[in-house]
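1. this one's structure only:
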């Protein structure tokens, strides 16, 4: 028996280069203000606050502590943090609501990837004994995964190019997207290879940004005064695989498959998939068993803007917007963490009249 | 964002992680030191290099290590057109998953070839060893096309390697927030700039992006005095790496006149034992030609000689 929980507010900023502090307080303050406007709530309606970020990204020690400034934490608030995408901060908050300890939560994430060399910083998430000393960067690891799929015939270059073209074309209508423009698969294939077998467009652009979301139980004291539509969470699961790259078949995503099966993917008409590399969308779509009638990443997805620690939460927020607008009856959102799709989260939601 | 943009400065973060090794990785690193690669035997009988500490299916500890060759076959690879600092080569190369002869699961390492056209899946490669080995994955400098050079002969058994040192060096472009940038630019002109919260009217020095009490941007700029009162302090008696001031010295929270939040600075010009709460102090500025956009423009604070402030006047700022 789970408590009914709805997504009732979502706001974000993403950009190529944020000219501000690594705590991103300047981004979070207006985002929180937008959430109060959307919901009609104030901070006193929030029972739990949870953020996702990492100090490694921009070199600021305890940046998540400084970010608490954006809340206005007096009287003191109940707060937590994950060094993961804020999609997992959402999961922690959802579990907290399920325990009955709190009734509502505001979840936020932030990151200034442009402050460092992102693909190099990300090598610190690899095995610290046998891989990090080689500084195996995030793009190289993804490229090895892509080649495994390409040379085994699991997917081909034209399928990857179609993912890129669709994402960039769809992103035209997304004000927040960084890399966008009407693009065909032929345009993509005409680009030179960068990290062979990947082209630059196969890799998400380095992005800065912040995002926040409000979720609430249906029986929260402030529920009745909420403005705006709701997207009801119907399934929420995450699964992780072993960290060693050689312990798993990189062409498939077992963790996505089992998270999807547990969350229940039947009947979804839209999926926002967190695929920072084009071939990963193909792996995810296959793992979730999504048919061709399921709209994928109408926002443009992570290939058009991938702010670290919020791009996963953004998938959930973009899917919720579609449900709020009545453009999706049942939507799926996915977030990933770790190298080459190591850790995957699946959330399903629906609109109710 | 200010008209001038934010202030930026390069930031280097460095730390040598000293990591102890469990029995499995100790065996692997001890082997590398004598130019012998070991794989771990998994529960299904297959051999993985590097050996994992636990089997990912059965969760059993990996206890059996077997020697494998330092030559093998490329299973998958990626071209690295723009190497980053710390990678095995500083010119374009490939990262590859290499299944060594005698192993089933691939090792991730570098392959030195001139262009992406010189490498392909299925190609045989051999390890190029460092002249001096220490028991680290970097004892293998990289792999190269196998060629017909003679096989490596592992050295004799030596001392067990029980730890590794992993240096981590990260470089950032560190930006101050727009509010902090105004503060630092003010310092370059000998001014202390704070900002007032429009809700609670508290003045923050240095200014922050938001009032931590109200969560709203602190918009109104105010200049505060360069003198004030010590609200609380500590006497530093403990030496530490990088210490620049002879101990004992006093770090104190100074509440500048006109500000509501104290900030931390150094107190000199008085015996540490005589520093007290309520002591009135003033900034001692460095010579003007040494000023920059930095708090170091103020060398330290020293007593003004005024009578101590009454506790009631600053107790809410503690």
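-> In hand now; what should we look at? Everything numeric here is computed off the predicted structure, so don't read it as measured data. Residues are numbered from 1 along each chain as shown, chains lettered A, B, ... in the order given.
2. how close does the residue of chain B found nearest chain A get to residue B:230?
-> For chain B, the residue closest to chain A is residue B:215, as judged by C-beta to the nearest C-beta, at 2.5 Å. No exception for glycine: its C-beta is placed from N, CA and C like everyone else's. Noted for residue B:215: a distance of 29 Å to residue B:230, by C-beta to C-beta, to the nearest Å.
3. before we move on, what about residue A:37?
-> Taken as C-beta to C-beta, the span from residue A:37 to residue B:230 is 43 Å.
4. do the same with residue B:236
-> From residue B:236 over to residue B:230 the distance is 15 Å, taken as C-beta to C-beta.
5. pLDDT value on residue A:323, please?
-> pLDDT for residue A:323: 98.
6. in what helix or strand does it lie?
-> Per DSSP states H and E, residue A:323 falls inside helix A:311-324.
7. so residue B:27, which of the three states?
-> Of the three states, residue B:27 takes helix under DSSP: H, G, I helix; E, B strand; the rest coil.
8. Quick one: residues contacting the most centrally placed residue in chain A.
-> In chain A, the C-alpha nearest the mean C-alpha coordinate belongs to residue A:312, at 0.6 Å (C-alpha atoms, centre = their mean). Residue A:312 makes contact with A:85, A:86, A:87, A:88, A:274, A:334, A:335, A:336, A:337, A:345, according to C-beta atoms under 8 Å, 6 or more residues apart in numbering or on different chains.
9. Next, count neighbours for residue 304.
-> Let's take chain A. Neighbourhood size, residue A:304 [other C-beta atoms under 10 Å in any protein chain shown]: 27.
10. nope, chain B
-> 13.
11. now it: how far from residue B:21?
-> Noted for residue B:304: a distance of 58 Å to residue B:21, by C-beta to C-beta.
12. Equivalent analysis for residue B:127, please.
-> In this view, residue B:127 and residue B:21 are 20 Å apart by C-beta to C-beta.
13. Looking at the two now, which is surrounded by more residues?
-> Using other C-beta under 10 Å, the more surrounded residue of residue B:127 and residue B:21 is residue B:127, with 22 against 19.
14. Would you mind listing the residues in contact with the residue nearest to that one when sequence neighbours are not counted?
-> Setting aside the residues directly before and after it, residue B:127 is nearest to residue B:70 in space (C-beta to C-beta, 6 or more residues apart in numbering or on different chains), at 3.9 Å. Shown in contact with residue B:70 (C-beta under 8 Å, 6+ apart): B:35, B:37, B:100, B:126, B:127, B:129, B:140, B:151, B:152.
15. quick revisit: partners of the helix or strand following the helix holding residue A:323, with directions?
-> Per DSSP H and E, the first helix or strand lying C-terminal to helix A:311-324 is strand A:330-337. If you go by DSSP bridges, strand A:330-337 pairs up with strand A:270-272 (parallel), strand A:343-350 (antiparallel).
16. correct me, but residue A:25 touches residue A:67?
-> Yes: if you go by C-beta atoms under 8 Å, residue A:25 and residue A:67 touch, sitting 6.0 Å apart.
17. Which residue comes closest to residue B:318 once chain neighbours are left out?
-> With C-beta to C-beta, 6+ apart as the criterion, residue B:318 has its nearest non-adjacent residue at 5.4 Å, and that residue is residue B:231.
18. Wait, a strand at the one you found?
-> Yes: assessed by three-state DSSP, residue B:231 belongs to a strand.
19. if I pick it, what's in contact with it?
-> Taking C-beta under 8 Å, 6+ apart, we find residue B:231 in contact with B:252, B:253, B:254, B:255, B:262, B:277, B:314, B:317, B:318.
20. Okay, helices next: where are they in chain B?
-> Listed in chain order, the helices of chain B (DSSP state H) span B:23-33, B:178-187, B:311-314.
21. picking that back up, so which of the contacts of residue A:312 comes closest to residue A:267?
-> Lowest distance from residue A:267 to the contacts of residue A:312 (C-beta to C-beta) belongs to residue A:334, with 16.2 Å.
22. How much space separates the closest one from residue B:142?
-> According to C-beta to C-beta, residue A:334 and residue B:142 sit 36 Å apart.
23. Give me the more crowded residue out of those two.
-> Using other C-beta under 10 Å, the more surrounded residue of residue A:334 and residue B:142 is residue A:334, with 30 against 22.
24. Surely that one is in contact with residue A:268?
-> No: using C-beta under 8 Å, residue A:334 makes no contact with residue A:268, being 10.9 Å away.
25. can you pull the contacts of residue 20?
-> Assuming you mean chain A. A:26, A:27, A:112, B:1, B:6, B:175, B:177, B:178, B:209.
26. wrong one, I was asking about chain B
-> Counted by C-beta under 8 Å, 6+ apart, residue B:20 has contacts B:162, B:163.
27. repeat that for 10 Å
-> Residues in contact with residue B:20 (C-beta atoms under 10 Å, 6 or more residues apart in numbering or on different chains) are B:26, B:162, B:163, B:164.
28. which one of the residues you listed has the most neighbours?
-> Using other C-beta under 10 Å as the neighbour criterion, residue B:164 leads these with 22 neighbours.
29. quick one: contacts for it?
-> Counting by C-beta under 10 Å, 6+ apart, residue B:164 has contacts A:128-130, A:133, B:17-21, B:25-26, B:29, B:134-138.
30. and these, which of them are in strands?
-> The strands, defined by DSSP state E, take in B:17, B:18, B:19, B:20 from the contacts of residue B:164.
31. Can I get these in a markdown table including distance to residue B:202 and pLDDT?
-> What follows is those, written out as a markdown table (distance: C-beta to C-beta, whole Å; pLDDT from 0 to 100):
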| residue | distance to residue B:202 | pLDDT |
| --- | --- | --- |
| B:17 | 41 | 92 |
| B:18 | 44 | 94 |
| B:19 | 46 | 94 |
| B:20 | 48 | 96 |
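32. Now flag whichever of the residues you listed is closest to residue B:219.
-> residue B:17 (43.0 Å).
33. Just list whatever residues bridge to the closest one.
-> Under the criterion used (DSSP bridges), residue B:17 bridges to residue B:166.
34. about what we covered before: now the residue of chain B closest to chain A, nearest residue through space, not along the chain?
-> residue A:72 (2.5 Å).
35. The one you found contacts residue A:43, correct?
-> Yes: in this structure, residue A:72 is within contact of residue A:43 by C-beta atoms under 10 Å, at 6.3 Å.
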